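[1] Build me a structure from this.
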Amino acid sequence: MAKVLIVDDSPTETYKLTTILEKNGHSVISAVNGEEGVLTAKKEQPDIVLMDIVMPGLNGFQATRQLSKAKETQHIPVIIVTTKDQETDRVWGMRQGAKAYLTKPIDEKNLIQTLDSAGI
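    Prediction:
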């Protein structure tokens, strides 16, 4: 069982992801934007972060970069979960330090396989 941090400004998406993760035995914490996500990751030290891209303030690309560069959070894998499905977005997300890039709507089997491949 892993502690998963969901960073997403959509209550609906957070609910969907939480339902899938809890059904599969994981515990969930959440943040509503990039700034809160970075602070929560530093404080809670989750096993993995699911990061949306399009959010007010600090976007998911910026938050992913901060998490992957900060000494206290660089060991935490970040999986981007977004509606942005352009190849350039995928490449940019991976360059910011993401370990995987998933597009919404999320398929439960694909999400769990991605978590498994990240060692979670």
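[2] max-length helix in the chain?
    helix 11-23 (DSSP state H).
[3] Off-centre distance for the helix or strand following that one?
    Where DSSP states H and E defines the elements, the next helix or strand beyond helix 11-23 is strand 27-31. In this view, strand 27-31 has its centroid 10 Å away from the chain centroid, taken as CA atoms, centre = their mean, to the nearest Å.
[4] how far off helix 11-23 does strand 27-31 point, in degrees?
    For strand 27-31 against helix 11-23, the angle by axes from the mean of the first three to the mean of the last three CA atoms, to 10 degrees is 160 degrees.
[5] which outside residues touch strand 27-31?
    Strand 27-31 is contacted from outside by 1-8, 14, 17-18, 21-22, 37, 39-40, 44, 46, using CB atoms under 8 Å, 6 or more residues apart in numbering. Backbone N, C-alpha and C define where each C-beta goes, glycine included.
[6] And for stretch 88-105?
    13, 16, 51, 53, 60-62, 64-65, 67-69, 74, 77-85, 110-111, 114, 117-118.
[7] Kindly give a single ChimeraX line that selects the buried subset of the residues you listed.
    Buried members of the contacts of stretch 88-105, defined by 16 or more other CB atoms under 10 Å, are picked up in ChimeraX with:
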select :13,16,51,53,60,61,62,64,65,67,68,77,78,79,80,81,82,84,111,114
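[8] Filter the contacts of stretch 88-105 down to just the ones in strands.
    Among the contacts of stretch 88-105, DSSP state E puts 51, 78, 79, 80, 81, 82 in strands.
[9] can these go into a markdown table with extra columns for pLDDT and distance to residue 100?
    Below are the ones in strands among the contacts of stretch 88-105 laid out as a markdown table (pLDDT from 0 to 100; distance: CB to CB, whole Å):
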| residue | pLDDT | distance to residue 100 |
| --- | --- | --- |
| 51 | 98 | 10 |
| 78 | 98 | 8 |
| 79 | 98 | 4 |
| 80 | 98 | 7 |
| 81 | 97 | 9 |
| 82 | 96 | 12 |
